[in-house]
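[1] for reference, the sequence and a predicted model appear below.
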Amino acid sequence: MSPFPTRQLGRLSLGENMPTNRSQTHRSRRQRRSGLPPVSDPAPTRNSPTRNTSASRRRLSLRANRRHEGEGRWGRARRGNKNNQEQRAEADIELENEINSQGDNDSDDEEEEEESSPDTMASMILAAKSKIVYDIENLELESRARALAGLTGHFDVVYCRENSPFYEFQLIERPRIRIRDGGAECTCSEYINRPDMACRHIFWLVDQVYDSISPHNPPPGLPLSRDGVSPTLPPLHTLLQDRLESLANHLEWPFIPESERTARTSSGETIAGGLSRQEQVRDIMSAFNKVTLPEDFRKELVESSSTPTPRTPEQCVVQGDFEATIFRLAVHDDNVYSSIRKAMPAGACAAIYFDKVHQKSRNLLMQFDEYRRTGRLPSGSDRQPSLDNVSEVARELRRHVAQIRNNLLARIPYGTKGAAEALITLLQEVSARNIDAFENKSWGRVAPPGEDDDDRNLYEQLIGQSASDDDGKRGEGEGGMFILDVLEEVPASVLESYVPNLRDILAKVEIIPAPPSFLLKLKSLIHDAQSSGTQARGKRPATSEAGGSQKRTR
């Protein structure tokens, strides 16, 4: 007796051309009815990837649901009922047709999904400033994203200058762009992380140049390369030759001539253009002292000439004075300067400076309040203002504000937050001092001849009389709107964090009330800070002092 045959699976038992599942069975039946030759399923190849899209997942879900719904009815068909078997076959055919129909609809969904994928990012960009249409189809995905952010964005220029062999553009948010003969570079983290392609700031600057000084109107679809410029136009360095000042005037950017250290705007205003090497070294070394400001640090070491006579390391040695030796070495030796600059970066120096000035103002007001209560003068330096005279206290506070203003402009883009905090805190203190400082004091102060109530009122000295102080009779930092003129130099994105403080000040000075011009300017600052957010404020009115507010881009 031959052995029982073992159960075989798949095509091995049914034959090579026999159907192995229900769908193939029904397909064979349909083909026999229509007289068409059988069509075998194509075998999957190694290079044909399995699609795992949302459409295929929906088809599988539909198949499972339909089978689940008919599970009880199909189970009865297993007992061999011929009619039920035919109904089951017809149901399978309907299911297959419905799945195929669903698949046609899902294929359209897949096409829509593919069209909206990041790989299909728009190949044309309309620049916000110039309205030039750029073609970025040949850029890779990250470069396209940078181009889109730059060409549709907005940045403020603090100053621009020619510093052979490059052109320099300082932006207010910190990035600094330099255009060399070989291309553009930027100090932002985006460019530093991927220096093989232009950052958003470079794309933005290129658009400004093309719009202003391009020899002809660029045609629509101007192609851009990954370095930010168009291969069909002259190099950026060539376009800027002998045209930087006219570009600055056209766009109202502060411009620094090559022979100067201060920027000049189109209206003739000037702003600071950075610190000299001696000033930077004093800034670094004074940062290690808790009280001393850079302008007060070792004045005897400063050489009067703007370009100190070069010294060898041996000539920099000051016997018995290590601090003076390091100062001279840092001024004359680039390696020494680089080392101490790494230990105390420019941003840290700026933060320390404004914190020191802030603390000086607080200490002065604390000493003034103590003198008002007790009549005792604190022991201090000879430079301490007379606390018995409110006008002298006001003059010293104005000097602090002037120091903040000068350094805010010289240190851009660093320190703006520290400067804003120092200014707004001082303005809050002064706005709360609309009182006669020496009224009803028991310690017997003798008022000088001719002194009136306003002379003993710190608020009146600094805010109440601000509208009539533009006569040029006051000293350093005096005249104009106390503190508000300097706050105009602070980016709106920084002031936005201090809107509650500014509103508190406004509520106080409206009750007193402050001069209308002061209230108007304070409201304008609050409005700009609230409405513009990260967008820069527009053009500001000029002030009477050198170092006035810089013009912004249009």
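    Structure's in. What do you need? Being a predicted model, the structure only gives us computed values, none of them experimental. Residues are numbered from 1 along each chain as shown.

[2] what separates Ala346 from Pro413, distance-wise?
    When distances are taken as Cβ to Cβ, to the nearest Å, Ala346 and Pro413 turn out to be 10 Å apart. In short, each C-beta sits where N, CA and C put it, glycine included.

[3] next one: Phe203
    In this view, Phe203 and Pro413 are 20 Å apart by Cβ to Cβ.

[4] with neighbour numbers in mind, choose between the two.
    More neighbours surround Phe203 than the other of Phe203 and Pro413, with 28 against 19 (other Cβ atoms under 10 Å).

[5] now the helix or strand hosting that one: buried residues?
    Counting by DSSP states H and E, the element that carries Phe203 is helix 200-213. Taking 16 or more other Cβ atoms under 10 Å as the neighbour-count basis, helix 200-213 is seen to contain the buried residues 200-212.

[6] following the helix or strand encompassing Lys356, which helix or strand comes up?
    For Lys356, the element it lies in under DSSP H and E is helix 346-374. On the C-terminal side of helix 346-374, the nearest following helix or strand under DSSP H and E is helix 390-411.

[7] so, low pLDDT: which residues of the stretch 351-500 of the chain?
    Residues of the stretch 351-500 of the chain that meet the criterion pLDDT under 70 lie in 380-384, 442, 466-479.

[8] related to what we said a few turns ago, could you export the helix holding Phe203 as PDB, CA atoms only?
    As requested, the backbone C-alpha atoms of helix 200-213 are provided in PDB (Å, rounded to 0.1, in the frame of the first residue of the first chain):
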ATOM      1  CA  ARG A 200      19.200  84.200   4.400                       C
ATOM      2  CA  HIS A 201      21.100  87.500   5.200                       C
ATOM      3  CA  ILE A 202      23.300  87.100   2.100                       C
ATOM      4  CA  PHE A 203      20.200  86.400  -0.100                       C
ATOM      5  CA  TRP A 204      18.500  89.400   1.300                       C
ATOM      6  CA  LEU A 205      21.500  91.700   0.700                       C
ATOM      7  CA  VAL A 206      22.000  90.500  -2.800                       C
ATOM      8  CA  ASP A 207      18.400  91.500  -3.600                       C
ATOM      9  CA  GLN A 208      19.000  95.000  -2.100                       C
ATOM     10  CA  VAL A 209      22.000  95.500  -4.400                       C
ATOM     11  CA  TYR A 210      20.300  94.100  -7.500                       C
ATOM     12  CA  ASP A 211      17.400  96.400  -7.000                       C
ATOM     13  CA  SER A 212      19.400  99.500  -6.400                       C
ATOM     14  CA  ILE A 213      22.600  99.400  -8.500                       C
END
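
[9] please renumber the chain so that the first residue is 21 from this point on.
    With 21 as the first residue, the last one maps to helix 220-233.

[10] which strands or helices does that helix pack on?
    Counting contacts by 3 or more Cβ pairs under 8 Å, 6 or more residues apart in numbering; DSSP states H and E, helix 220-233 is packed against helix 161-171, strand 196-200, strand 203-206, helix 209-213, helix 256-260, helix 264-271.

[11] the second one pairs with which strands, and in what direction?
    Partner strands for strand 196-200, per DSSP bridges, with pairing direction: strand 186-191 (antiparallel), strand 203-206 (antiparallel).

[12] now do the contacts for the closest residue to Ile199 other than its chain neighbours.
    The shortest distance from Ile199 to any residue that is not its chain neighbour, by Cβ to Cβ, 6 or more residues apart in numbering, is 4.3 Å, and that residue is Tyr187. Contact partners of Tyr187, counting by Cβ atoms under 8 Å, 6 or more residues apart in numbering, are Cys180, Arg181, Arg198, Ile199, His257, Leu260, Leu264.

[13] model confidence for Tyr187, exactly?
    Taken from the predicted model, the pLDDT recorded for Tyr187 is 92.

[14] for Gln261, see how far away it is.
    Taking Cβ to Cβ as the criterion, Tyr187 is separated from Gln261 by 9 Å.

[15] what does Ala467 give?
    Using Cβ to Cβ, Ala467 is found at 67 Å from Gln261.

[16] can you pull out the strands in the protein?
    In chain order, the chain shows strands spanning 144-146, 153-155, 177-183, 186-191, 196-200, 203-206, 242-243, 275-276, 282-284, 290-292, with DSSP state E as the criterion.

[17] of all those strands, which lies closest to Asn269?
    Taking Cβ to Cβ as the criterion, strand 275-276 is the member of the strands of the chain that comes nearest to Asn269, at 7.3 Å.

[18] least trustworthy helix or strand in this protein by mean pLDDT?
    Each helix and strand of the chain was given a mean pLDDT (mean pLDDT, DSSP states H and E); the minimum falls on helix 31-34 at a mean of 40.

[19] re earlier: tell me which of the strands of the chain sits nearest to Thr329.
    Each of the strands of the chain was scored for nearness to Thr329 using Cβ to Cβ, and the closest is strand 177-183 (22.6 Å).

[20] so what does that closest one touch, helix or strand wise?
    Strand 177-183 is packed against strand 186-191, helix 264-271, strand 275-276, strand 282-284, with contacts defined by 3+ Cβ pairs under 8 Å, 6+ apart.

[21] and the closest residue to Ile432 other than its chain neighbours, how many neighbours does it have?
    Nearest residue to Ile432 in three dimensions, chain neighbours excluded: Val178, at 4.9 Å (Cβ to Cβ, 6+ apart). Here the number of neighbours of Val178 (other Cβ under 10 Å) works out to 23.

[22] residues near Ala363, how many?
    For Ala363, the neighbour count with other Cβ under 10 Å is 10.

[23] and for it, nearest residue in space, chain neighbours not counted?
    If you skip the residues right next to it in sequence, Ala363 has Ile304 as its closest partner in space, 7.9 Å away by Cβ to Cβ, 6+ apart.

[24] that older thread, now render the buried residues of helix 220-233 as a markdown table, adding pLDDT.
    Converted to a markdown table, the buried residues of helix 220-233 look like this (pLDDT from 0 to 100):
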| residue | pLDDT |
| --- | --- |
| Arg220 | 94 |
| His221 | 94 |
| Ile222 | 95 |
| Phe223 | 94 |
| Trp224 | 94 |
| Leu225 | 94 |
| Val226 | 93 |
| Asp227 | 92 |
| Gln228 | 92 |
| Val229 | 92 |
| Tyr230 | 90 |
| Asp231 | 88 |
| Ser232 | 88 |
